[in-house]
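[1] sequence and computational prediction follow.
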Amino acid sequence: MCECQFATHSAGSPSPNPLPSRERAFGALLSYEGKWFCAPSLSTGEGWGEGGPNAPYSTNQPPPMTTELLINLAFVLLAYLAGSVSAAIITCRLLGLPDPRSQGSRNPGATNVLRIGGKKAAIITLAGDSIKGVIPVLLAQLFGVDGLWLAAVALAAFMGHLFPIFFGFEGGKGVATGFGVVFALEWRLGLCLVGVWLLMAVLFRYSSLAALTAFAAAPVIAWFWWPAYTWPLAILGALLIWRHQENIRKLRSGQESKIGKKKAV
């Protein structure tokens, strides 16, 4: 039995709303050959039920579950579009710097912008890439998106940075945006990752190694204190490690640039 409850009511009388608004958002009425069907509840996983013409929702109302689904999908799409705004490319264009995709490591990220444009450009890039990970997740939370859908919003913002539709799908490696989405999901977890990054950066002076270690540790840390985020962070970490393949090869061969060491561009 599903969460939609059906009751008879006379013509012209207001339709009863037997469920709280939040619970009603999980049910949908679909019409097929003159019959009403109640979609299965996402909150309980219960099955389909058939209602008559006196179902409590009027025909001119949008199906609640459809509305909820569309809202969730809209936030996922908007998160991807926000992630696709490359702070590195835009900053370099505004400051008259070379395209980061054609200089240095050819990665449109804060580290490469630091090499080719200096600290000011790098700070702007870092802030922009972080914020575009924070804002979509916080907005989605504000509108009641949670659970797996919120994780999907976070991953969409991250994927937008990796494969930006506005810049030919040539994106960065996702470190700053990854930190942004993690802080938006759970700020204490974000602080843990920053702590891991700082520790590795101080000990070994490799920015890439610090990032790889921090995001490899993210699902492990989440498993103990915030288990709901374990799998989303495992996916995010795997994508970030995949994007750092060149850095991993350079680390193994001793060719990776250290923090504070200038690289010829």
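    It's in.
[2] can you tell me the closest non-neighbouring residue to the most centrally placed residue in the chain?
    For the chain, residue 154 is the residue whose C-alpha lies nearest the centre (CA atoms, centre = their mean; 1.2 Å). Distance criterion CB to CB, 6 or more residues apart in numbering; nearest residue to residue 154, sequence neighbours excluded, is residue 181 at 4.1 Å. Glycine gets a C-beta too; all of them are placed from N, C-alpha and C.
[3] contact partners for that neighbour?
    Listed by CB atoms under 8 Å, 6 or more residues apart in numbering, the contact set of residue 181 reads 133, 134, 137, 154, 155, 157, 158, 236.
[4] next one: residue 154
    Residues in contact with residue 154 (CB under 8 Å, 6+ apart) are 79, 133, 136, 137, 181, 182, 184, 185, 232, 236.
[5] if we can go back for a sec, in helices only, show me the contacts of residue 181.
    133, 134, 137, 154, 155, 157, 158, 236 (DSSP state H).
[6] ranges for the strands of the stretch 151-265 of the chain?
    When secondary structure is read from DSSP state E, counting those that start in this stretch, the stretch 151-265 of the chain shows no strands.
[7] how close does residue 228 sit to residue 151?
    Per CB to CB, to the nearest Å, residue 228 is found 8 Å from residue 151.
[8] could you count how many residues lie near residue 106?
    12 (other CB atoms under 10 Å).
[9] name the element it belongs to?
    Residue 106 is part of no helix or strand when elements are defined by DSSP states H and E.
[10] which one of the contacts of residue 154 is nearest residue 191?
    residue 182 (9.5 Å; CB to CB).
[11] shouldn't that closest one be in contact with residue 191?
    No: the pair residue 182 / residue 191 is not scored as a contact, 9.5 Å apart, by CB atoms under 8 Å.
[12] between those two, who's got more neighbours?
    Counted by other CB under 10 Å, residue 182 and residue 191 do not tie: residue 182 has more neighbours, with 29 against 12.
[13] separation between the residue lying closest to that one once chain neighbours are set aside and residue 137?
    Once flanking residues are discounted, residue 182 sits nearest to residue 190: 4.7 Å by CB to CB, 6+ apart. Relative to residue 137, residue 190 is positioned 11 Å away (criterion: CB to CB).
[14] who has more neighbours, these two?
    residue 137 (25 against 19).
[15] what sits against that one?
    Neighbours of residue 137 in contact, by CB under 8 Å, 6+ apart: 79, 150, 153, 154, 157, 181, 184, 185.
[16] kindly report the same for residue 260.
    Here residue 260 is in contact with residue 205 (CB under 8 Å, 6+ apart).
[17] for it, grab phi and psi.
    Taking degrees, to the nearest 10, you get phi 90, psi -10 for the backbone angles of residue 260.
[18] same check, this time on residue 205
    phi 70, psi 20.
[19] need the nearest residue in space to it, chain neighbours excluded.
    Closest to residue 205 by CB to CB, 6+ apart is residue 258, at 4.2 Å.
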